[in-house]
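Trainee: A structural model of the following input is requested.
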Amino acid sequence: MSSSNPVGTPPHGTAPSVSYNRPLVSAVPELVRALTDEERRVLLDRIAHSLSIHDRAEEKIVHGELRKERRREIIEADFASLSLWERLSLWFRRLFSSSSDENVFLSFRLHQMKRTVATVGNDLVDFDLRTAEPPLARAVADLYAKVEPVIPLFRMLWKGEETLRRVIEALLEARVPEAKGKLNEFVGTQELQDEFKKAESRGYLKQLVLDRISTYVEGIHPDVMKQLEEGILPAYYLKDLVLYDFDEFFSMFQVPLASLNRPKQPSFKRIAIARLFPALESLHLALYNAKRVAKTVDLFPEILEYFVRVRRGDEAPGDNLMENGESKEAQVLRRTLVALRGQVDETDERLRLVELIRYFRNDPYYRFMAYVPRLRLKDFYYANLKIAMLQTLDDRFHDLRTGVVGRMIQEVFPKPLQDFAYYHPNVSSLIQNAGINAVKNYQTLKIIKNFIDQIYTPELMEFMRIIGRIIPARSREAVSDLTIFLAGLDDVRERLGVFDAAFSPDADEGKTLYRYRFASEGNTQQQAAFRALVGQLDRESRSIIERFQDQMRGIHQVFVAIKNTAHDYLNERYAAFETRSKGTKPFDDKLDHMISAVGLSGKIVGQMIVVESNLDR
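Mentor: Presented below is the predicted three-dimensional model:
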């Protein structure tokens with residue numbers, strides 16, 4: 001830099017210290033996106049699990065034989081709970097039976113179940129023929145009449161995980177106090193740039209974002225999540241009933257589902273009850289879960305409003321859901337759900353499916369358990385935010401990187417960056433338009449050129465030579481290294497000039513390049529020659545960049561080594577050579593200044609390589 005600036009102070013602010021424990025370009029971490037395809041898949045699976053999206057009704061019914069010991073314990077407990085009248089009835093049965101006490105008791109319980117079913121619906125089944133009668137189908141048809149109006153709502157919610165995710169995402173945004181949903185609300189752009197400038201790692205930024213998300217989600221009071229789950233769970237508890245396969249059920253009674261909407265009552269046929277067992281067990285599960293819903297069906301209005309907006313065709317149905325209160329359509333939908341909930345109790349009481357199934361399976365202790373759907377809202381919220389924020393980080397990363405590079409350029413270079421005399425972006429476009437993906441490092445080479453012109457030639461070169469004169473004999477190895485690095489940067493400067501001249505239309509190399517380019521249209525021989533020449537230039541440009549990086553890395557290491565040794569005497573010696581220096585420790589100030597300039601320049605080149613390679617897009 002120009003010596004007119006205060007020693008050690010860049011013109012745009014103090015530069016941070018730079019660690020050189022690793023190469024200037026660590027490209028491997030930067031090739032990995034913050035959100036990989038595999039990580040996205042895992043997170044989507046986690047979301048699906050947290051929302052119980054892929055649970056199927058038939059998978060929620062668990063059949064299992066009771067162990068003999070457990071079965072005996074249940075029978076004994078059941079026997080102990082008998083009333084006096086039941087004990088007397090059982091005693092009479094034993095008098096006139098030659099079966100074992102256990103079989104007599106099982107027969108007694110089956111008889112009670114038969115009587116229970118017959119009491120509430122003697123017309124539902126024929127116990128002698130073991131058939132399901134048309135009134136059973138009519139009772140289910142009455143239930144379906146209440147279900148049908150809300151089927152579109154539940155199909156929307158459960159047609160795919162993306163729809164349910166968006167609904168709950170909009171609900172959380174509306175219901176969580178001071179909800180966050182944008183990357184800048186977790187980490188601001190300035191902080192992201194500052195952290196990337198220090199760490200040069202997309203992975204580091206990723207972890208920073210994840211830590212902020214975790215802190216935010218864990219900081220939400222458990223009661224908030226509990227209340228949110230309570231307002232969403234009615235949609236889960238009613239799901240199996242509303243999406244129950246009524247079509248298959250009625251087809252077994254030889255009645256198509258569409259005929260239920262006709263004025264004339266359909267003519268159901270009787271059916272062997274055994275054929276209905278799977279359908280009846282699924283219906284029992286659906287009714288069992290539906291009865292968990294409060295009679296007022298306290299489903300969050302945002303869910304109903306979201307559906308109303310989707311049906312209207314709104315482009316952004318999740319925005320400001322309750323801005324105008326609950327719409328009339330949503331209110332009608334809620335009343336329909338309340339009516340359905342009332343019908344659930346009526347149907348359950350009418351069919352008495354547990355007793356009916358156990359009786360016709362001839363086992364009063366037939367075991368089929370129904371799993372209740374679970375909602376893990378905190379897990380969903382974390383996974384959903386992680387996908388959204390890391391995707392945003394990936395989308396913005398190129399701009400973040402270029403913003404950091406721009407800031408570092410301002411810190412290092414005292415003047416605007418100057419272009420090459422002949423090598424310019426139009427040349428790169430000329431090559432790209434010929435279908436050759438090479439020589440795509442204009443900005444990187446431009447940084448190197450300006451470092452040579454603005455930092456090395458007027459300032460760094462002289463400082464390195466002064467170090468060679470003032471450093472003691474015991475540190476001659478450092479002087480030798482600096483001499484080699486001086487020669488290396490001189491070589492870079494010379495090769496840059498030759499490389500630039502190769503694009504001059506007045507030089508032989510430039511004339512050949514442009515002649516081959518414009519003569520290669522339709523001429524395979526000329527195309528091959530042009531490709532060979534461009535390939536040579538591409539290899540030379542890469543070689544110059546690698547050579548520059550090697551010198552910068554070496555200079556930085558030598559400077560840091562000098563800084564870490566006792567060298568107070570060098571301040572006095574340096575002042576004798578550099579009469580324009582100020583301060584009590586002019587050498588220390590200059591050394592810190594050069595460590596910063598060299599380190600940041602190396603970082604700029606490393607980051608620019610990635611930018612021009614499109615590796616961060």
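
Trainee: so what's S89 up against?
Mentor: F108 (Cβ atoms under 8 Å, 6 or more residues apart in numbering). The way it works is simple: take the backbone N, C-alpha and C, and place the C-beta from them, glycine included.

Trainee: quick check: mean pLDDT across the host helix or strand of it?
Mentor: Using DSSP states H and E, the element containing S89 is helix 84-95. For helix 84-95, mean pLDDT is 70.

Trainee: With stretch 501-515 instead?
Mentor: 83.

Trainee: got it, and stretch 399-416?
Mentor: On average, the pLDDT along stretch 399-416 is 93.

Trainee: Let me see the ranges of the helices in the stretch 451-600 of the chain.
Mentor: Using DSSP state H, counting those that start in this stretch, the helices of the stretch 451-600 of the chain run over 461-470, 476-501, 508-519, 524-563, 568-577, 586-612.

Trainee: For the third one, list every residue counted as buried.
Mentor: By 16 or more other Cβ atoms under 10 Å, the buried positions in helix 508-519 come out as 509-510, 513-514, 516-517.

Trainee: What is the burial count for G181?
Mentor: G181 has 15 neighbouring residues, counting by other Cβ atoms under 10 Å.

Trainee: now swap in E230 and tell me
Mentor: 14.

Trainee: thinking again about what came up before, export the buried residues of helix 508-519 as TSV, with columns for distance to I409.
Mentor: Putting those into TSV (distance: Cβ to Cβ, whole Å) gives the following:
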residue	distance to I409
E509	30
G510	29
L513	29
Y514	31
Y516	35
R517	31
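
Trainee: Check those and tell me the two furthest apart.
Mentor: E509 and R517 (12.7 Å; Cβ to Cβ).

Trainee: Can you tell me how far the spatially most central residue of the chain is from E173?
Mentor: By Cα atoms, centre = their mean, the chain has its centre lying nearest to I387, at 1.7 Å. According to Cβ to Cβ, to the nearest Å, I387 and E173 sit 15 Å apart.

Trainee: now do T512
Mentor: In this view, T512 and E173 are 63 Å apart by Cβ to Cβ.

Trainee: and if you look at L385?
Mentor: Counting by Cβ to Cβ, the separation of L385 from E173 is 11 Å.

Trainee: Kindly report the same for I213.
Mentor: 15 Å.

Trainee: Next: A274.
Mentor: 50 Å.

Trainee: go on, D345?
Mentor: Per Cβ to Cβ, D345 is found 35 Å from E173.

Trainee: Next: D538.
Mentor: Distance of D538 to E173, computed by Cβ to Cβ: 50 Å.

Trainee: next SSE after the helix or strand bottoming out on mean pLDDT in the chain?
Mentor: Every helix and strand in the chain was compared by mean pLDDT, DSSP states H and E; the lowest is helix 27-31, with a mean of 37. Following helix 27-31 in sequence order, the next helix or strand is helix 37-50 (DSSP H and E).

Trainee: residues of that next one that come out buried?
Mentor: Of all the residues in helix 37-50, those buried under the rule 16+ other Cβ under 10 Å are 39, 43-44, 46-50.

Trainee: and what of stretch 430-438?
Mentor: Neighbour-count burial for stretch 430-438, counted by 16+ other Cβ under 10 Å, picks out 430-431, 434, 436, 438.

Trainee: Now render those as JSON lines, adding distance to R138 and secondary structure.
Mentor: What follows is those, written out as JSON lines (distance: Cβ to Cβ, whole Å; DSSP: H, G, I helix; E, B strand; the rest coil):
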{"residue": "L430", "distance to R138": "81", "secondary structure": "helix"}
{"residue": "I431", "distance to R138": "80", "secondary structure": "helix"}
{"residue": "A434", "distance to R138": "79", "secondary structure": "coil"}
{"residue": "I436", "distance to R138": "77", "secondary structure": "coil"}
{"residue": "A438", "distance to R138": "78", "secondary structure": "coil"}
